[in-house]
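Novice: Pasted the sequence and its predicted model underneath.
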Amino acid sequence: MTNKDKGLSEFEKLLEESDIDISKVLDEKNNKDKNLLNQKPFQDIKVSLDDLYEKNNIEDYFSHKKNGIQTKVLEKLKNLKYKFSSNQIIDLHGMTTEEALIELNIFIKKNYENQSKYILIIHGKGLNNKEGVAPLKRLVQKLIINCDIAMASTSASIKDGGYGATYVLLKSSYI
């Protein structure tokens, strides 16, 4: 019986004539889908809140990268031209440091699990703080330095908040 007699589509004819084992392809696809469920779990980031209000000569500009991350990745992040969706941005203005720590962990976990590549954290510059310090900015910096999934970070460009905001490049959550 020929392919015409079987009533096969062109695609089915090509598959039949090829050496491709379609069941093997489907098995690989199913295993890949299962791996998507095997995300490395997010661990809450714990940092000390004790020294956030101490006066020191902290620089306005912030930049950090994990060992093994190339400098050009950090430079690309510094010059980021990216349209953030609303779920990739958090604004910490008006929060206490305790509230901000909780919200940051929730925010980072959600974006990690949703496979966001970049996030934007708006923390402010501390200009309205009576002590002349920026505790939320320091909290964000400490958290990023201690966060295993924050691969690189830098102060944002002026359009996204300048020194009052931070870009973060997240690690992929798939194992």
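Specialist: Yep, that arrived.

Novice: Now do the buried residues in stretch 65-76.
Specialist: Buried residues in stretch 65-76, defined by neighbour count with 16 or more other Cβ atoms under 10 Å: 65, 66, 74. C-beta coordinates here come from the backbone N, C-alpha and C atoms, glycine included.

Novice: does residue 111 sit in a helix, a strand or a coil?
Specialist: With DSSP: H, G, I helix; E, B strand; the rest coil as the basis, residue 111 sits in helix.

Novice: Could you report the neighbour count for residue 134?
Specialist: 23 (other Cβ atoms under 10 Å).

Novice: ok, it touching residue 126?
Specialist: Yes. If you go by Cβ atoms under 8 Å, residue 134 and residue 126 touch, sitting 2.6 Å apart.

Novice: Any buried residues in stretch 99-111, and which?
Specialist: Those would be 100, 101, 104, 105, 107, 108, 109, 111, for stretch 99-111 by 16+ other Cβ under 10 Å.

Novice: would JSON lines of the residues you listed with secondary structure, distance to residue 120 and pLDDT be doable?
Specialist: As requested, those are exported to JSON lines (DSSP: H, G, I helix; E, B strand; the rest coil; distance: Cβ to Cβ, whole Å; pLDDT from 0 to 100):
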{"residue": "100", "secondary structure": "helix", "distance to residue 120": "15", "pLDDT": "96"}
{"residue": "101", "secondary structure": "helix", "distance to residue 120": "18", "pLDDT": "96"}
{"residue": "104", "secondary structure": "helix", "distance to residue 120": "12", "pLDDT": "97"}
{"residue": "105", "secondary structure": "helix", "distance to residue 120": "16", "pLDDT": "96"}
{"residue": "107", "secondary structure": "helix", "distance to residue 120": "10", "pLDDT": "97"}
{"residue": "108", "secondary structure": "helix", "distance to residue 120": "12", "pLDDT": "96"}
{"residue": "109", "secondary structure": "helix", "distance to residue 120": "16", "pLDDT": "94"}
{"residue": "111", "secondary structure": "helix", "distance to residue 120": "10", "pLDDT": "95"}
